[in-house]
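J.: Have a look at this prediction, sequence included:
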Amino acid sequence: MRIAVLGLGAVGKGLLRMLAAKPELGLVLTAVADSSSACIEPGGIDPAAVLDRKSATNRCGTQGLTAEQVLDSGAFDVLVELTPTNAVTGEPALTHMRRALALGRHVVTSNKGPIAAAHAELQEIAAGQGVALRYEATVGGAIPVIHAIRDGLAGNRFHAITGVLNGTCNYILTRMDEEGLTYDQALAEARELGYAEADPTYDVRGIDAAIKLVILANTCWNLGVVLDDVAITGIDGLTVDALRLAAAQDCTIRLIGEASPDRGILRVAPRVLPRSHPLVIEGTLNAVMLSTDMAGECTLIGKGAGSVETASAIIGDLLAIRDRYVECG
Ligand code: HSE
(Lines give C-alpha, C1' and ligand atoms only; values in the text may rest on other atoms or scores of the structure.)
Protein backbone atom coordinates (compact mmCIF):
# COMPACT_ATOMS: atom_id res chain seq x y z
CA MET A 1 0.00 0.00 0.00
CA ARG A 2 1.44 3.37 -1.05
CA ILE A 3 1.42 6.19 1.45
CA ALA A 4 2.06 9.93 1.19
CA VAL A 5 3.01 11.82 4.35
CA LEU A 6 2.36 15.55 4.72
CA GLY A 7 4.21 17.08 7.70
CA LEU A 8 7.53 15.99 9.10
CA GLY A 9 7.49 17.14 12.72
CA ALA A 10 7.90 14.80 15.70
CA VAL A 11 5.01 12.53 14.68
CA GLY A 12 6.03 12.38 11.00
CA LYS A 13 9.60 11.52 11.97
CA GLY A 14 8.37 8.83 14.37
CA LEU A 15 6.26 7.34 11.59
CA LEU A 16 9.14 7.30 9.09
CA ARG A 17 11.39 5.69 11.70
CA MET A 18 8.84 2.93 12.17
CA LEU A 19 8.36 2.49 8.40
CA ALA A 20 12.13 2.08 8.10
CA ALA A 21 12.24 -0.35 11.04
CA LYS A 22 9.27 -2.46 9.91
CA PRO A 23 9.48 -3.04 6.13
CA GLU A 24 7.52 -6.27 6.62
CA LEU A 25 4.36 -4.18 7.10
CA GLY A 26 4.31 -3.49 3.36
CA LEU A 27 3.67 0.25 3.81
CA VAL A 28 5.53 1.89 0.94
CA LEU A 29 6.35 5.59 1.22
CA THR A 30 5.83 7.22 -2.19
CA ALA A 31 5.67 10.90 -1.25
CA VAL A 32 6.55 13.14 1.66
CA ALA A 33 6.35 16.89 2.19
CA ASP A 34 7.44 19.31 4.89
CA SER A 35 6.89 23.07 5.05
CA SER A 36 9.57 23.91 2.46
CA SER A 37 10.13 20.84 0.29
CA ALA A 38 8.77 17.54 -0.93
CA CYS A 39 9.83 14.27 -2.52
CA ILE A 40 7.63 12.22 -4.87
CA GLU A 41 8.79 8.79 -6.09
CA PRO A 42 5.95 6.52 -7.26
CA GLY A 43 8.36 3.57 -7.09
CA GLY A 44 9.02 4.07 -3.37
CA ILE A 45 11.24 6.21 -1.13
CA ASP A 46 13.63 4.97 1.55
CA PRO A 47 12.23 6.52 4.78
CA ALA A 48 15.64 6.32 6.50
CA ALA A 49 17.20 8.38 3.68
CA VAL A 50 14.44 11.00 4.07
CA LEU A 51 15.17 11.24 7.80
CA ASP A 52 18.91 11.60 7.14
CA ARG A 53 18.26 14.36 4.58
CA LYS A 54 15.89 16.11 6.98
CA SER A 55 18.41 16.12 9.80
CA ALA A 56 21.26 17.26 7.51
CA THR A 57 19.39 20.00 5.59
CA ASN A 58 16.15 20.52 7.52
CA ARG A 59 14.34 19.60 4.28
CA CYS A 60 12.84 16.25 3.33
CA GLY A 61 13.16 16.70 -0.42
CA THR A 62 13.39 19.19 -3.25
CA GLN A 63 13.07 22.80 -2.15
CA GLY A 64 10.00 24.49 -3.62
CA LEU A 65 8.05 21.25 -4.18
CA THR A 66 4.85 21.44 -2.12
CA ALA A 67 2.16 19.41 -0.39
CA GLU A 68 -0.21 20.47 -3.18
CA GLN A 69 2.10 18.87 -5.75
CA VAL A 70 2.13 15.68 -3.69
CA LEU A 71 -1.67 15.70 -3.80
CA ASP A 72 -1.69 16.48 -7.55
CA SER A 73 0.64 13.54 -8.19
CA GLY A 74 -2.00 11.08 -6.97
CA ALA A 75 0.91 8.68 -6.36
CA PHE A 76 -0.52 7.20 -3.16
CA ASP A 77 -3.35 5.07 -1.81
CA VAL A 78 -3.47 6.75 1.61
CA LEU A 79 -2.74 10.32 2.59
CA VAL A 80 -1.23 10.60 6.09
CA GLU A 81 -1.91 14.18 7.15
CA LEU A 82 0.44 15.31 9.93
CA THR A 83 0.81 19.08 9.37
CA PRO A 84 0.61 21.35 12.44
CA THR A 85 -2.84 21.56 14.02
CA ASN A 86 -4.95 24.67 13.71
CA ALA A 87 -7.77 24.27 16.23
CA VAL A 88 -9.83 27.14 14.80
CA THR A 89 -9.85 26.63 11.02
CA GLY A 90 -8.38 23.13 10.74
CA GLU A 91 -6.25 24.47 7.86
CA PRO A 92 -4.21 23.67 5.83
CA ALA A 93 -4.94 20.06 6.79
CA LEU A 94 -8.66 20.34 6.07
CA THR A 95 -8.01 21.35 2.46
CA HIS A 96 -5.45 18.54 2.07
CA MET A 97 -7.94 15.98 3.40
CA ARG A 98 -10.89 17.18 1.28
CA ARG A 99 -8.64 17.03 -1.75
CA ALA A 100 -7.34 13.51 -1.08
CA LEU A 101 -10.80 12.13 -0.31
CA ALA A 102 -12.21 13.74 -3.46
CA LEU A 103 -9.45 11.95 -5.40
CA GLY A 104 -10.70 8.68 -3.92
CA ARG A 105 -7.75 8.27 -1.54
CA HIS A 106 -8.00 7.10 2.08
CA VAL A 107 -6.97 9.57 4.78
CA VAL A 108 -5.24 8.86 8.10
CA THR A 109 -4.37 11.69 10.47
CA SER A 110 -3.16 12.74 13.91
CA ASN A 111 -4.38 16.27 13.20
CA LYS A 112 -7.03 17.19 15.77
CA GLY A 113 -8.13 20.54 14.28
CA PRO A 114 -9.83 19.35 11.09
CA ILE A 115 -11.39 16.28 12.71
CA ALA A 116 -12.90 18.36 15.52
CA ALA A 117 -14.06 21.07 13.12
CA ALA A 118 -15.37 19.03 10.18
CA HIS A 119 -15.78 15.38 11.15
CA ALA A 120 -19.26 14.98 9.64
CA GLU A 121 -18.36 16.68 6.38
CA LEU A 122 -15.16 14.64 5.93
CA GLN A 123 -16.93 11.36 6.81
CA GLU A 124 -19.60 12.15 4.25
CA ILE A 125 -17.06 12.77 1.49
CA ALA A 126 -15.21 9.58 2.46
CA ALA A 127 -18.41 7.50 2.47
CA GLY A 128 -19.45 8.96 -0.90
CA GLN A 129 -16.09 7.96 -2.37
CA GLY A 130 -16.01 4.54 -0.72
CA VAL A 131 -12.78 5.32 1.14
CA ALA A 132 -11.76 5.51 4.80
CA LEU A 133 -11.11 8.46 7.07
CA ARG A 134 -9.25 7.30 10.20
CA TYR A 135 -7.98 9.42 13.05
CA GLU A 136 -7.02 7.15 15.96
CA ALA A 137 -3.91 9.26 16.65
CA THR A 138 -5.92 12.43 17.33
CA VAL A 139 -7.03 11.23 20.78
CA GLY A 140 -5.01 9.53 23.49
CA GLY A 141 -1.79 8.98 21.49
CA ALA A 142 -1.12 5.25 21.42
CA ILE A 143 -4.40 4.24 23.12
CA PRO A 144 -6.68 2.48 20.59
CA VAL A 145 -9.82 4.20 21.84
CA ILE A 146 -11.42 4.93 18.45
CA HIS A 147 -10.85 1.30 17.42
CA ALA A 148 -12.49 0.27 20.70
CA ILE A 149 -15.53 2.47 20.05
CA ARG A 150 -15.90 1.46 16.40
CA ASP A 151 -14.85 -2.17 16.45
CA GLY A 152 -14.23 -3.80 19.83
CA LEU A 153 -17.34 -2.35 21.45
CA ALA A 154 -19.47 -2.24 18.30
CA GLY A 155 -23.13 -2.89 19.06
CA ASN A 156 -22.93 -1.38 22.52
CA ARG A 157 -24.90 1.69 23.46
CA PHE A 158 -22.53 4.26 24.93
CA HIS A 159 -23.88 6.05 27.98
CA ALA A 160 -20.84 8.22 28.68
CA ILE A 161 -17.19 8.87 27.89
CA THR A 162 -15.03 10.13 30.73
CA GLY A 163 -11.32 10.65 30.44
CA VAL A 164 -7.98 12.20 31.15
CA LEU A 165 -7.28 13.53 27.67
CA ASN A 166 -4.32 15.85 28.18
CA GLY A 167 -0.96 14.51 29.34
CA THR A 168 0.52 17.94 30.07
CA CYS A 169 -2.24 18.78 32.58
CA ASN A 170 -2.01 15.33 34.11
CA TYR A 171 1.75 15.74 34.50
CA ILE A 172 1.34 19.18 36.12
CA LEU A 173 -1.34 17.91 38.54
CA THR A 174 0.73 14.82 39.41
CA ARG A 175 3.81 16.93 40.17
CA MET A 176 1.82 19.46 42.21
CA ASP A 177 0.22 16.62 44.17
CA GLU A 178 3.30 14.45 44.74
CA GLU A 179 6.07 17.04 45.07
CA GLY A 180 4.13 20.11 46.23
CA LEU A 181 5.37 22.10 43.20
CA THR A 182 3.48 25.29 42.34
CA TYR A 183 1.49 25.39 39.13
CA ASP A 184 4.14 27.59 37.48
CA GLN A 185 7.00 25.28 38.48
CA ALA A 186 5.16 22.20 37.22
CA LEU A 187 4.23 23.91 33.93
CA ALA A 188 7.86 24.98 33.39
CA GLU A 189 8.92 21.35 33.89
CA ALA A 190 6.28 20.09 31.43
CA ARG A 191 7.47 22.58 28.82
CA GLU A 192 11.10 21.69 29.38
CA LEU A 193 10.29 18.02 28.87
CA GLY A 194 8.46 18.85 25.62
CA TYR A 195 5.02 17.59 26.69
CA ALA A 196 3.09 20.81 26.14
CA GLU A 197 1.66 22.06 22.83
CA ALA A 198 3.58 24.86 21.03
CA ASP A 199 1.16 27.20 22.81
CA PRO A 200 0.69 25.64 26.29
CA THR A 201 -2.45 27.67 26.97
CA TYR A 202 -4.20 25.08 24.75
CA ASP A 203 -3.22 22.44 27.30
CA VAL A 204 -3.69 24.22 30.63
CA ARG A 205 -6.94 25.97 29.73
CA GLY A 206 -8.49 22.65 28.79
CA ILE A 207 -8.86 23.42 25.06
CA ASP A 208 -6.76 20.47 23.87
CA ALA A 209 -8.78 18.10 26.08
CA ALA A 210 -12.03 19.68 24.82
CA ILE A 211 -11.00 19.16 21.17
CA LYS A 212 -10.35 15.48 21.91
CA LEU A 213 -13.67 15.19 23.74
CA VAL A 214 -15.46 16.63 20.68
CA ILE A 215 -13.76 14.01 18.49
CA LEU A 216 -14.78 11.17 20.82
CA ALA A 217 -18.37 12.45 21.20
CA ASN A 218 -18.83 12.75 17.43
CA THR A 219 -17.33 9.29 16.92
CA CYS A 220 -19.62 7.74 19.53
CA TRP A 221 -22.87 9.55 18.89
CA ASN A 222 -22.53 11.53 15.62
CA LEU A 223 -23.67 14.60 17.54
CA GLY A 224 -22.05 17.14 15.24
CA VAL A 225 -20.74 19.05 18.27
CA VAL A 226 -17.91 21.57 17.99
CA LEU A 227 -15.40 23.09 20.39
CA ASP A 228 -17.76 25.96 21.28
CA ASP A 229 -20.30 23.45 22.60
CA VAL A 230 -17.93 22.27 25.37
CA ALA A 231 -18.07 23.92 28.82
CA ILE A 232 -14.38 24.30 29.63
CA THR A 233 -12.53 25.05 32.86
CA GLY A 234 -8.76 24.60 32.76
CA ILE A 235 -6.22 23.96 35.49
CA ASP A 236 -4.51 27.35 35.22
CA GLY A 237 -6.29 28.66 38.32
CA LEU A 238 -5.50 25.64 40.52
CA THR A 239 -3.49 26.12 43.70
CA VAL A 240 -1.35 23.72 45.69
CA ASP A 241 -3.81 24.36 48.57
CA ALA A 242 -6.68 22.89 46.52
CA LEU A 243 -4.61 19.73 46.00
CA ARG A 244 -3.70 19.61 49.70
CA LEU A 245 -7.35 19.89 50.65
CA ALA A 246 -8.18 16.99 48.33
CA ALA A 247 -5.24 14.98 49.69
CA ALA A 248 -6.57 15.37 53.25
CA GLN A 249 -9.60 13.32 52.14
CA ASP A 250 -7.49 10.70 50.33
CA CYS A 251 -8.46 12.30 47.02
CA THR A 252 -6.65 14.17 44.28
CA ILE A 253 -7.53 16.44 41.35
CA ARG A 254 -7.49 15.51 37.68
CA LEU A 255 -8.62 17.39 34.55
CA ILE A 256 -11.54 15.31 33.33
CA GLY A 257 -13.38 15.44 30.01
CA GLU A 258 -16.91 14.10 30.19
CA ALA A 259 -19.56 13.57 27.53
CA SER A 260 -22.98 12.10 28.14
CA PRO A 261 -25.86 12.99 25.82
CA ASP A 262 -28.26 11.19 28.22
CA ARG A 263 -27.36 13.68 30.94
CA GLY A 264 -26.76 16.66 28.66
CA ILE A 265 -23.08 16.85 29.67
CA LEU A 266 -20.20 17.97 27.46
CA ARG A 267 -17.52 19.48 29.65
CA VAL A 268 -13.86 19.61 30.64
CA ALA A 269 -13.09 20.61 34.22
CA PRO A 270 -10.84 19.75 37.17
CA ARG A 271 -12.53 17.11 39.35
CA VAL A 272 -11.76 15.83 42.84
CA LEU A 273 -11.47 12.03 42.62
CA PRO A 274 -10.65 9.31 45.17
CA ARG A 275 -7.09 8.08 44.69
CA SER A 276 -8.45 4.62 43.90
CA HIS A 277 -10.50 5.92 40.93
CA PRO A 278 -9.46 4.31 37.59
CA LEU A 279 -8.91 7.76 36.05
CA VAL A 280 -6.34 8.73 38.69
CA ILE A 281 -3.30 7.97 36.59
CA GLU A 282 0.19 9.39 36.88
CA GLY A 283 2.38 11.66 34.80
CA THR A 284 1.68 12.10 31.09
CA LEU A 285 -0.55 9.04 30.79
CA ASN A 286 -4.04 9.39 29.31
CA ALA A 287 -7.10 7.31 30.20
CA VAL A 288 -10.56 6.93 28.71
CA MET A 289 -13.49 5.23 30.43
CA LEU A 290 -16.29 4.11 28.12
CA SER A 291 -19.60 3.41 29.88
CA THR A 292 -21.71 1.03 27.82
CA ASP A 293 -24.87 -1.06 28.06
CA MET A 294 -23.37 -4.51 27.32
CA ALA A 295 -19.69 -4.25 28.23
CA GLY A 296 -20.24 -2.11 31.32
CA GLU A 297 -17.31 0.19 32.04
CA CYS A 298 -14.19 -0.26 29.97
CA THR A 299 -11.12 1.86 30.82
CA LEU A 300 -8.14 2.18 28.50
CA ILE A 301 -4.90 3.66 29.84
CA GLY A 302 -1.73 4.44 27.92
CA LYS A 303 0.72 6.92 26.51
CA GLY A 304 -1.13 10.00 25.29
CA ALA A 305 1.67 11.52 23.24
CA GLY A 306 5.16 10.90 21.84
CA SER A 307 6.41 10.45 18.30
CA VAL A 308 6.65 6.65 18.13
CA GLU A 309 3.60 6.17 20.36
CA THR A 310 1.52 8.32 18.02
CA ALA A 311 3.04 6.51 15.03
CA SER A 312 1.68 3.30 16.58
CA ALA A 313 -1.86 4.67 16.27
CA ILE A 314 -1.25 5.82 12.69
CA ILE A 315 0.16 2.43 11.68
CA GLY A 316 -2.84 0.70 13.28
CA ASP A 317 -5.12 2.81 11.09
CA LEU A 318 -3.04 2.14 7.97
CA LEU A 319 -3.12 -1.61 8.53
CA ALA A 320 -6.87 -1.54 9.22
CA ILE A 321 -7.34 0.18 5.85
CA ARG A 322 -5.03 -2.29 4.12
CA ASP A 323 -6.90 -5.25 5.57
CA ARG A 324 -10.35 -3.88 4.79
CA TYR A 325 -9.92 -2.17 1.44
CA VAL A 326 -6.71 -3.24 -0.20
CA GLU A 327 -6.43 -6.99 0.43
CA CYS A 328 -10.13 -7.88 0.56
CA GLY A 329 -11.08 -5.50 -2.22
N1 HSE B 1 -0.17 18.46 24.37
C2 HSE B 1 -0.89 17.23 24.26
C3 HSE B 1 -0.96 16.59 25.64
C4 HSE B 1 -0.17 16.34 23.27
O5 HSE B 1 -0.28 17.07 26.54
O6 HSE B 1 -1.72 15.66 25.83
C7 HSE B 1 -0.98 15.21 22.72
O8 HSE B 1 -2.14 15.61 22.04
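T.: Cool, got the structure.

J.: alpha carbons only for contacts and neighbour counts from here, please
T.: Will do.

J.: Enumerate the residues of the stretch 51-200 of the chain near the ligand.
T.: N166, G167, T168, Y195, A196, E197 (CA under 6 Å from any ligand atom).

J.: part of a strand, is the fifth one?
T.: So that's A196. No: using DSSP: H, G, I helix; E, B strand; the rest coil, the secondary structure at A196 is coil, not a strand.

J.: The closest residue to it other than its chain neighbours in helix, strand or coil?
T.: Spatial nearest neighbour of A196, chain neighbours left out: T168 (5.5 Å); criterion: CA to CA, 6 or more residues apart in numbering. With three-state DSSP as the basis, T168 sits in helix.

J.: To what extent is T168 buried, counted in neighbours?
T.: Look at T168: counted by other CA atoms under 10 Å, it has 29 neighbours.

J.: from now on call the first residue 36
T.: Sure thing, new numbering starts at 36, so read that last one as T203.

J.: Quick one: the residues of the stretch 86-235 of the chain next to the ligand as CSV, columns for pLDDT and distance to L188 too.
T.: Shown next, in CSV, are these (pLDDT from 0 to 100; distance: CA to CA, whole Å):
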residue, pLDDT, distance to L188
N201, 97, 23
G202, 95, 25
T203, 95, 28
Y230, 82, 30
A231, 80, 31
E232, 74, 31
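
J.: Can you select the buried ones among those residues for me in PyMOL?
T.: Selecting only the buried entries of those in PyMOL, with 16 or more other CA atoms under 10 Å as the criterion:
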select buried, resi 201+202+203+230+231
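
J.: circling back to that earlier point, right, and the residue nearest to A231 touches D238 too?
T.: Yes: between T203 and D238 there is a contact at 6.5 Å, judged by CA atoms under 8 Å.

J.: Which neighbours do those two have in common?
T.: Common contacts of T203 and D238 (CA atoms under 8 Å, 6 or more residues apart in numbering): A231.

J.: Tell me which stretches of the stretch 186-335 of the chain form helices.
T.: 202-214, 218-227, 236-239, 242-256, 275-283 (DSSP state H, counting those that start in this stretch).

J.: The fourth one vs the ligand: in contact?
T.: No: Helix 242-256 lies apart from the ligand when judged by CA under 6 Å from any ligand atom; the minimum separation is 6.7 Å.

J.: average model confidence for that helix?
T.: Throughout helix 242-256, pLDDT has a mean value of 97.

J.: tell me the angle that helix makes with helix 202-214.
T.: 120 degrees (axes from the mean of the first three to the mean of the last three CA atoms, to 10 degrees).

J.: So what touches helix 242-256?
T.: Under CA under 8 Å, 6+ apart, the answer for helix 242-256 is 122, 147-148, 150-151, 154, 173-174, 181, 184-185, 193, 196, 199-201, 236-238, 258-262, 265, 267, 269, 292-294, 302-303.

J.: swap in the first one?
T.: Contacts with helix 202-214, where a contact means CA under 8 Å, 6+ apart, come from 199, 216-218, 221-222, 225, 230-231, 238-239, 270, 275, 278-279, 282, 287-290, 316-321, 339-340.

J.: how about a cut-off of 7 Å?
T.: 216-218, 221-222, 225, 230-231, 238-239, 275, 278, 288-290, 317-321, 339 (CA atoms under 7 Å, 6 or more residues apart in numbering).

J.: Assumed M132 was part of a helix.
T.: Yes: assignment of M132 by three-state DSSP places it within a helix.

J.: Most distant residue from the centre of the protein?
T.: A283 (35.1 Å; CA atoms, centre = their mean).

J.: At which residues are the strands of the stretch 36-185 of the chain located?
T.: Assigned by DSSP state E, counting those that start in this stretch, the stretch 36-185 of the chain shows strands spanning 37-41, 63-68, 72-75, 97-98, 113-116, 141-144, 168-169.

J.: how near is the most centrally placed residue in the chain to A330?
T.: For the chain, the residue nearest the mean C-alpha position is T173 (1.7 Å; CA atoms, centre = their mean). Plainly put, T173 is 24 Å away from A330 if you go by CA to CA, to the nearest Å.

J.: Look at C363 and report its pLDDT.
T.: For C363, pLDDT reads 45.

J.: next one: A233
T.: The model's pLDDT for A233 equals 73.

J.: Can you show me the strands along the stretch 236-364 of the chain?
T.: Counting by DSSP E, counting those that start in this stretch, the strands of the stretch 236-364 of the chain are 266-267, 286-295, 300-309, 320-327, 332-338.

J.: Run a quick check on P305 versus L290, I expect a contact.
T.: Yes: between P305 and L290 there is a contact under CA atoms under 7 Å: 4.2 Å.

J.: Compare the two (neighbour count), which wins?
T.: Of the pair P305 and L290, L290 is the one with more neighbours under other CA under 10 Å, namely 27 against 19.

J.: quick one, what contacts the more buried one?
T.: V199, C204, N205, V303, A304, P305, R306.
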